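**Student:** quick one, fold the following:
(2 chains)
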Amino acid sequence: MSEQNTSSVAYVRDTMLPQQPAPSNQTGALKWMRENLFSGWLNTVLTLAGIGLVYWLVTHFYPWFAHSVWDANSLKECREIVTTAYGADATGACWGVIRERWHQFMFGFYDPALYWRPLLTFGLLLVVIGPILFTENQRNRAAFMVFGGLFALVSMALVGTSAAILALSAGIMAATGALIFGRFAYAMLAAAAFPLVAIFLLWGGSAWTVLFIGFGFVIGWLLLSGFARMGSIIAVVAAIVGTILFWLISGGAFGTDHLFGGQSLVEALASAVPLSIEAQGSDRFGGFLLAVTIGVGGIAMSLPMGVVLALGRQSNMFLIKSLSVIFIEFIRGVPLITLLFVASLLLNYFLPPGTQFDIILRVMILVTMFSAAYIAEVVRGGLAALPRGQYEAADALGLDYWRAQRLIILPQALKISIPGIVSTFIGMFKDTTLVVFVGLFDPLKGIPDFIRSVFEWKGIYWEPFVFVGLIFFIFNFSMSRYSMYLENRLKRDHR
Amino acid sequence: MTTSPDVPNQGFRLSQLIYDTRYRSLTIQTITLILVLMGFGWLIDNTIQNLEVLGKDFNFSFLWNRAGYDVGQTLIPYTNDSTHARAALVGLFNTLWVSFLGCFAATVLGIFVGVLRLSHNWLIARIMTVFVEVFRNIPVLMWILISLAVLTEASPQPRDFKVNPETGVANAEMLLFDSVAITNRYTAVPSADFTRGFAPIETPLAPISVNFLICLGVVLASIWANKRLLAHATVIQETSGVRPVTWWKSALILFAPLVMVLYALGFDIHEPVLKGFNFTDGTNVSNALVALWLGLTLYTASYIAEIVRAGIMAVSKGQSEAASALGLRPNRTMKLVILPQALRVIVPPLISQYLNLTKNSSLAIAVGYADLRATLGGTTLNQTGRELESILLMMLIYLAISLTISGVMNLYNRSVKLKER
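**Tutor:** Next comes the predicted model:
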């Protein structure tokens, strides 16, 4: 080409022309719009339809938000304010119901003086799971834990907690955070101990019960490591039997209650050294307190069960495998609502005559079974995703089954499964709203129905929906973003 | 795992049951079996004792007693003189019906949203992202309740559709060319019937519409004939190198017979018409069904949209580039290269969403739709006081539905499984 030019072209420019700005439709907003909104007739139609949709939504809902009324004590008053201010046809949101009843949406019928206890529990939860959720990135971990703690403290201050309790809570959270920040093993221990602390803080009552449950686990662990030399099966059996025996004896079984004058060991200790805080019965739980308690409790209790079920499903032993498969498929095959009916109507049939216990506990047992089946499938995915070489390497090192699982397989499989576990948790958290159908006060239907039952707020629908929906959205959206972040990071780790 | 041949034979020792891998799994399984049986025995023993205390027994004969209650919406004939079993069947059909409607609508909406979310159009992609995130991060119960509230609280009364004779305007307008009217009590939609049709065959289960069967047969035959036509065209293409034009023949084969049969049977669509204070002529669908259907559809569609998007994105770019390099036009690329590969990724999670939707349809409890939970697990349970039998039966029915759906999924998975070398 160039040869041709030199011979056939009479003049070749040897200086550059001064640079011109790009044509106006090739730069800036105009170009962006041409490329992204109007690149063809189809796109143009779509864009116009989209603009139309947004316009319709805004014109329909903006006035409602713009005419918001916060300062009213009944729906009628709200409507009067809107009518006088904006005319007879105007509609307006009546947020007065949220201002008046926000505490019921959040805490149900919990004693207002004790709101700090659920809040402290929530703050501790965030602090304790920080090191588990953010294993690698120290900055994110620190930010998550600090923000979690501060969020709890600020909320506690807002609901009027006394300075002494604020300082105490800040101290507890700071100490816990500092202790577990850089030590993963401590963080796992704290996460294992957290449910007991949460039970104590949420339900209150005597600390001895919770302490003895904890002691039981410690004894089990001691037995497990003590008998480890005699083989893993014997150690596991010894630990389970020892723990259960300890609980039975401290609960007054086998006639031990005669030693303390008709009381069990726990009751005797409680009356001798009353380490207790004010009790709050399950009937006082409601709103998001109930949803979070059931959701987090269900997932936390279902994790060990789910891992065992997943291992069972992967097992070579026919009986173990089929039992796991039957359990998982049965639970996954029925709607949660039928399981909740089992909790409320049938569980009393299956337990010894005269057994009566708390509806929240009953619901939690069934919810735990439900989420365990789903967690088992997630963990099974993690187990299947591990390269075969990991199993073979564990065998080659001469590790027995449990050691191989504990030291090599599960740490990796669980790490891959975290996004799936978070998704299961999101699903679980959304499903907690179904407890309304067994008579509990969930934030979505139970509490609003309760509020609508008084004359002042009869017929108020949209404001509770928007408020509760927004909170659910914030919770679940941030968790799903976290899950996506984790998935991306794990992808980089593995490829 | 392998045992070396020179193991000294010392006879069987008891410790081998635990330490010898040949016997250990047997030991563990035996112990597990004993424990599980003991556990079940304990539960059953408790149940028997509890039933005795309450003076109840465990049998299903109540199913054949007269139900004595009415069900709002039934797909098969049912009166309050029917049995409890019949009521359960009505509920089951209602569950399947709302699940079917929901799956269908959610698939259409989900594909629409999922494809548009991949669009290069900035605005549309954002709107669809917002749709997906909003609908899947808020509990489905809320969408059902909101749908119900919109229908019952914010919709006009049937009489508002009446045209005021003085002004010539009605307070409310019907949608979709005057064929659908959303009112605060029901949604009036067009109904269809056959004026010259055959009488249905009466069976104990439900009357079977002969007209419908005829139409179905004609459609299936048309599809089969069209397949033959296309296969024939392919044969001609392979021998002569030119593909004959088939589209008008296809259209004729697919639609002409159906139209003729419909005409012969006197197929007629009735649009709802306001008479007095109510709509007649069309079908008045209860708001419970519409709200449940709408809530389930919107919620599940957001999941299906993500599945579709992930499926399309899972097909690597090289595949479509290779297809264009081969000279395939975009629509052929989509049909022959992208879709078959994307479907393999899409279908399994899609079917598990269908499963979820079917299970979520039990939220009918929130709107009062007469599904399986409402008849067998609701009124029947309360009237007869047989919690144990009702709930167990209900769980087994749901389990059977789920297992059927996952069985279909496994069949599909096997048929599209990559044949690896």
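**Student:** low-confidence ranges in chain A?
**Tutor:** A:1-9, A:252-253, A:255-262, A:492-495 (pLDDT under 70).
**Student:** show me where it has strands.
**Tutor:** A:205-206, A:276-277 (DSSP state E).
**Student:** other SSEs contacting the last one?
**Tutor:** Strand A:276-277 sits against strand A:205-206, with contacts defined as 3 or more C-beta pairs under 8 Å, 6 or more residues apart in numbering or on different chains; DSSP states H and E. (Glycine included, C-beta is placed from N, CA and C.)
**Student:** quickly run through the sheet partners of the strand it packs on, with directions.
**Tutor:** Neighbouring strands of strand A:205-206 in its sheet, by DSSP bridges, are strand A:276-277 (antiparallel).
**Student:** domain map for the chain?
**Tutor:** Let's take chain A. A:39-107, A:284-495 (automatic domain parsing).
**Student:** looking at chain B here, not the other one
**Tutor:** Split by automatic domain parsing, chain B gives B:84-149+B:285-375+B:386-416, B:192-269.
**Student:** the nearest residue in space to A:Tyr482 that is not next to it in sequence: how many residues sit nearby?
**Tutor:** Counting by C-beta to C-beta, 6 or more residues apart in numbering or on different chains, the nearest residue to A:Tyr482 once its immediate chain neighbours are dropped is A:Val422, at 6.4 Å. Counted by other C-beta atoms under 10 Å in any protein chain shown, the residues lying close to A:Val422 total 20.
**Student:** you'd agree A:Val422 is up against A:Met484?
**Tutor:** No. Judged on C-beta atoms under 8 Å, A:Val422 makes no contact with A:Met484 at a distance of 9.4 Å.
**Student:** can you give me the strands for chain B?
**Tutor:** Under DSSP E, chain B gives strands at B:181-182, B:186-189, B:191-194, B:267-270, B:273-275, B:278-280, B:283-286.
**Student:** what's the distance between the residue in the stretch 1-150 of chain A that chain B sits nearest to and B:Leu262?
**Tutor:** The minimum distance from the stretch 1-150 of chain A to chain B, using C-beta to the nearest C-beta, falls at A:Asn36 (4.0 Å). Going from A:Asn36 to B:Leu262 by C-beta to C-beta, to the nearest Å gives 46 Å.
**Student:** same deal with A:Ser276?
**Tutor:** 77 Å.
**Student:** got it, and B:Thr167?
**Tutor:** 40 Å.
**Student:** okay, those two: which has more neighbours?
**Tutor:** Comparing B:Thr167 with B:Leu262 by other C-beta under 10 Å, the one with more neighbours is B:Leu262, at 17 against 7.
**Student:** spell out which residues of the stretch 301-450 of chain A are next to chain B.
**Tutor:** Contact residues, the stretch 301-450 of chain A versus chain B (C-beta under 8 Å from any C-beta of the partner chain): A:316-320, A:323, A:329-330, A:332-338, A:341-342, A:345-346, A:348-353, A:426, A:430-431, A:433-434, A:437, A:444-445.
**Student:** for A:Leu120, which non-adjacent residue is spatially closest?
**Tutor:** With C-beta to C-beta, 6+ apart, the residue lying closest to A:Leu120 is A:Ser169, at 4.8 Å.
**Student:** neighbours of the residue in the stretch 301-421 of chain B positioned nearest to chain A, how many?
**Tutor:** Closest residue of the stretch 301-421 of chain B to chain A, C-beta to the nearest C-beta: B:Ser402 (3.6 Å). Per other C-beta under 10 Å, the neighbour tally for B:Ser402 reads 21.
**Student:** for it, give me its contacts.
**Tutor:** A:Arg332, A:Gly333, A:Val334, B:Leu355, B:Thr358, B:Lys359 (C-beta atoms under 8 Å, 6 or more residues apart in numbering or on different chains).
**Student:** which residues touch the third one?
**Tutor:** By that I understand A:Val334. Per C-beta under 8 Å, 6+ apart, neighbours of A:Val334: B:Lys359, B:Met395, B:Tyr398, B:Leu399, B:Ser402.
**Student:** find the nearest non-adjacent residue to the fourth one, please.
**Tutor:** Leaving aside its sequence neighbours, B:Leu399 sits nearest to A:Gly333 (C-beta to C-beta, 6+ apart; 4.2 Å).
**Student:** B:Thr358 versus whichever residue of the stretch 301-450 of chain A sits closest to chain B, what's the distance?
**Tutor:** Nearest residue of the stretch 301-450 of chain A to chain B (C-beta to the nearest C-beta) works out as A:Gly333 at 3.6 Å. Distance of A:Gly333 to B:Thr358, given as C-beta to C-beta: 10 Å.
**Student:** and what of A:Val379?
**Tutor:** Counting by C-beta to C-beta, the gap from A:Val379 to B:Thr358 is 25 Å.
**Student:** more neighbours: these two, which one.
**Tutor:** A:Val379 (27 against 22).
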